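generate a structure from the sequence data that follows.
(2 chains)
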Amino acid sequence: MLSFLFKKQSQVEILIFDYLETLKLAQNSFLNALEACLLNGVLCENFEYLIIKTHKFESRADDIREEVKALMYEKALIPESRGDIMLLLDAIDLIPHLFEQILYSIQTQKLTLPDFIVTDTRELTKISLECCDLVVREVTALFKGNERIRDLLTQIDGNESHCDHLERLIITKLFASAVDPFQKLQLKELIGLIGEISDQADRVSKRINIINIKRKV
Amino acid sequence: MFSLLGGIFLGWSLGANDAANIYGTAVSSKMLKFWTAAMLASVFVIIGALVSGHAGIDTLKGLTSFNIEQAVISSVGAALTVAIMTSIGLPVSSNQAMVGAIIGIGLLNNEMNFSGLGKVFSCWVGTPIGATIIAVLLYGGLARIYNKLDLNLFVSDIVIRLCLIAAGIYGSYALGANSSASVTAVFVGAGLINKSSATLIGGVSIALGILTFSRPVMETVGKKLVRLDPFSALIVSLSMAITVHFYTFVGVPVSTSQAVVGSVLGIGIVKGANTISRRTLANILIGWLLTPVLACLCALTIFFLVHLYYIPPNYS
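Predicted structure coming up:
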């Protein structure tokens, strides 16, 4: 009803949801790339294509974030909301960046996962990406008020703890194996990066919760 | 018209300084464009002056009797006080300067309405105290409603911005209604103009100050208020407007800056935080004591200078 009075604000809202959709596309592309790599190895054609696709989505997300920031600098929203949204987007943006970083690590170091950690790594990836989905729902709840932020925060927190557990388990298995020590370190770094997705999702989730609490007077 | 210049200057400086208390938060944080805020404030200051500016005129012109010369001297004395205090960086209230200058004239005439003066002083003391109480009550009541509504970020943003604009409109109306009397009451007392012209001239001169010189003050003073969260800034704006409007009904021009300080103090009480420094409280005391004293001295000095006669030496 008041959109004609708050045009910039409406634009910010549209761009934020556009950003969340792009994040979801980057996430799907990342998952497909990872699956392709696990099934067919790093040299498969599909893997290269999916890396490029993930990079494009990550880049698109960056552009949207910059567009939102530019609108904010043009004084959309009240100062406190501006600051909160800018910091929130910066925090979320580290997630697609992690997707890209993981795929580049696999590509450039030509990493292959030993069979004994494939299942656990799949589980770790699945739960980490579930955290990303929950973050998207939490951001939507912040801007639309359609869900309870506290419930989503609890779920993400639980998933993050589970991911930490899986990460430790995989690394323990890895170092107990007869894999080449140099390769062990490379894989440890990769598992750490995958685990970092849920850590970052947890940080974003806590930030959203603080923004929500701050708005109560 | 020339006789009114002192009063018009006083109204101009009042507009230039006090608009910051009304729209400072919104303008300095760029929630509202300066020109939108200035136009809204100017229009509603004039409306406030025309609709409710009469009561203050009755109180101020009733403090003592004036002739035209004394009216001009008191307005120039008050204007000079505002200029001196502003140039040395001390807080000043145009309304309090005007009352000080009127006291000076009252001393010259050996005629002072002490009950009226007592009413004025008690309202000055009551301004920050009243604003504190109103802020505490408003915060408690509105916070409950706001939290119950559980608005999402974008909607609450729109609601707060609209409320800040509405509180600013109300504040402008209250400023015009309350302070236009300071600008021209003495001229009504001297019989130079009637009440309706006085409120119009008062309102227009305040609006002129807002339109021409309030921008830098709004941006600097507003930044201090912006440190409050948006909801608290809204409460400060609203309780300032209510306080000033209340004293309009009482018929005493009061300081919007002191009402703002009282409101911020009220926010501090609700939140259990120290929002006001001792320096700010000292500034209020300076406003209460130094401004009227200096204005009184200025008026007396101007009167003395005006009545100096050159006596040529006798060579015979």
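
in the stretch 201-316 of chain B, where is pLDDT below threshold?
B:221-226, B:275, B:315-316 (pLDDT under 70).

run the last query once more with 90
Low-confidence segments of the stretch 201-316 of chain B (pLDDT under 90): B:213-233, B:257-258, B:260-261, B:264-265, B:268, B:271-291, B:307-316.

name the residue of it with the shortest distance to chain A.
Using C-beta to the nearest C-beta, the single residue of the stretch 201-316 of chain B nearest to chain A is B:F231, 4.5 Å away. Heads up, the C-betas are built off the backbone N, CA and C, glycines and all.

can you say which helix or strand has that residue in it?
Assigned by DSSP states H and E, B:F231 belongs to helix B:230-250.

so which elements touch that helix?
helix B:5-28, helix B:34-52, helix B:54-61, helix B:114-149, helix B:153-189, helix B:195-226, helix B:256-271 (3 or more C-beta pairs under 8 Å, 6 or more residues apart in numbering or on different chains; DSSP states H and E).

look up how far B:P216 lies from B:A190.
Noted for B:A190: a distance of 34 Å to B:P216, by C-beta to C-beta, to the nearest Å.

between the two, which one's more packed in?
Just comparing B:A190 and B:P216: by other C-beta atoms under 10 Å in any protein chain shown the higher neighbour count belongs to B:A190, 19 against 10.

roughly how far apart are B:P128 and B:G118?
18 Å.

the two: which is more packed in?
Using other C-beta under 10 Å, the more surrounded residue of B:P128 and B:G118 is B:P128, with 27 against 10.

so what's that one up against?
B:258-259, B:261-262, B:265, B:284 (C-beta atoms under 8 Å, 6 or more residues apart in numbering or on different chains).

please save the CA atoms from stretch A:23-33 in PDB.
Output of stretch A:23-33 as PDB, limited to C-alpha atoms (Å, rounded to 0.1, in the frame of the first residue of the first chain):
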ATOM      1  CA  LEU A  23      22.200 -18.600  -3.200                       C
ATOM      2  CA  LYS A  24      19.900 -21.600  -3.600                       C
ATOM      3  CA  LEU A  25      20.900 -22.000  -7.200                       C
ATOM      4  CA  ALA A  26      24.600 -21.800  -6.200                       C
ATOM      5  CA  GLN A  27      24.000 -24.400  -3.600                       C
ATOM      6  CA  ASN A  28      22.300 -26.800  -6.000                       C
ATOM      7  CA  SER A  29      25.100 -26.300  -8.500                       C
ATOM      8  CA  PHE A  30      27.700 -26.900  -5.800                       C
ATOM      9  CA  LEU A  31      25.900 -30.100  -4.700                       C
ATOM     10  CA  ASN A  32      25.700 -31.400  -8.300                       C
ATOM     11  CA  ALA A  33      29.400 -30.600  -8.900                       C
END
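
chain center to that stretch, what's the gap?
Centroid separation between stretch A:23-33 and its chain, computed with C-alpha atoms, centre = their mean, to the nearest Å, is 10 Å.

who touches it?
Everything outside stretch A:23-33 that qualifies as a contact, by C-beta under 8 Å, 6+ apart, is A:47, A:50-51, A:53-54, A:57-58, A:61, A:92, A:95-96, A:99-100, A:102-103, A:125, A:129, A:132-133, A:136.

filter those residues down to the ones in helices?
A:47, A:50-51, A:53-54, A:57-58, A:61, A:92, A:95-96, A:99-100, A:102-103, A:125, A:129, A:132-133, A:136 (DSSP state H).

for PyMOL, write the selection for the buried entries among these.
In PyMOL, a selection of the buried entries from these looks like this (16 or more other C-beta atoms under 10 Å in any protein chain shown):
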select buried, chain A and resi 47+50+51+53+54+57+58+61+92+95+96+99+100+102+103+125+129+132+136
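
quick one, phi psi at residue 65?
Let's take chain A. phi -60, psi -40 (degrees, to the nearest 10).

chain B was what I was after
phi -100, psi 150.

can you give me the neighbour number for it?
Neighbour tally, B:S65, other C-beta under 10 Å: 14.

report pLDDT for the residue most central in space within chain A.
Of all residues in chain A, the one closest to the mean position by C-alpha atoms, centre = their mean is A:I95, 3.0 Å from it. Per-residue confidence (pLDDT) for A:I95: 96.

which residues of chain A lie near chain B?
The interface of chain A toward chain B, taken as C-beta under 8 Å from any C-beta of the partner chain, is made up of A:2, A:6, A:9, A:13, A:75, A:77-81, A:84-85, A:142-145, A:211, A:214-217.

distance of A:Q183 from A:I171?
In terms of C-beta to C-beta, A:Q183 sits 13 Å off from A:I171.

nope, B:P253 is what I was after
Taken as C-beta to C-beta, the span from B:P253 to A:I171 is 75 Å.

who has more neighbours out of those two?
Each of B:P253 and A:I171 has its neighbours counted (other C-beta under 10 Å); B:P253 has more, 33 against 17.

where does the residue nearest to B:V186 when sequence neighbours are not counted fall, helix, sheet strand or coil?
Using C-beta to C-beta, 6 or more residues apart in numbering or on different chains and skipping the chain neighbours, the partner closest in space to B:V186 is B:A71 (4.1 Å). With DSSP: H, G, I helix; E, B strand; the rest coil as the basis, B:A71 sits in helix.

flag every buried residue along the helix or strand containing B:I105.
For B:I105, the element it lies in under DSSP H and E is helix B:94-109. By 16+ other C-beta under 10 Å, the buried positions in helix B:94-109 come out as B:94-106, B:108.

how about the contacts made by residue 6?
Just so you know, I chose chain A. Contacts of A:F6 (C-beta under 8 Å, 6+ apart): A:76, B:158, B:161.

please go with chain B instead
Here B:G6 is in contact with B:72, B:74-79 (C-beta under 8 Å, 6+ apart).

among the residues you listed, which lie within helices?
Using DSSP H, these in helices are B:72, B:74-79.

quick one: which of the residues you listed is most hemmed in?
Busiest of the ones in helices among the contacts of B:G6 [other C-beta under 10 Å] is B:S74, holding 38 neighbours.

distance of that one relative to chain A?
Noted for B:S74: a distance of 43 Å to chain A, by C-beta to the nearest C-beta, to the nearest Å.

that residue: what's its closest spatial neighbour, skipping adjacent residues?
With C-beta to C-beta, 6+ apart, the residue lying closest to B:S74 is B:A101, at 4.0 Å.

hmm, B:A295 and the one you found touching each other?
Yes: the pair formed by B:A101 and B:A295 meets the contact definition of C-beta atoms under 8 Å, at 4.4 Å.

overlap in contacts, those two.
With C-beta under 8 Å, 6+ apart, B:A101 and B:A295 have common neighbours B:77-78, B:81.

which non-adjacent residue is nearest the residue in the stretch 51-200 of chain B positioned nearest to chain A?
The stretch 51-200 of chain B approaches chain A most closely through B:N152 (3.7 Å), counting by C-beta to the nearest C-beta. Distances taken as C-beta to C-beta, 6+ apart place A:G145 nearest to B:N152, at 3.7 Å, with adjacent residues excluded.

that neighbour: neighbouring residues, count only.
17.

from what I can see B:W12 touches B:F213, true?
Yes: assessed by C-beta under 8 Å, B:W12 is found in contact with B:F213 at 7.3 Å.

could you check which of these two has the larger neighbour count?
More crowded of B:W12 and B:F213, by other C-beta under 10 Å: B:W12, with 24 against 16.

show me what contacts the more buried one?
B:205-206, B:208-209, B:212-213.

again, 6 Å this time
The contact partners of B:W12, by C-beta atoms under 6 Å, 6 or more residues apart in numbering or on different chains, come to B:205, B:208-209.
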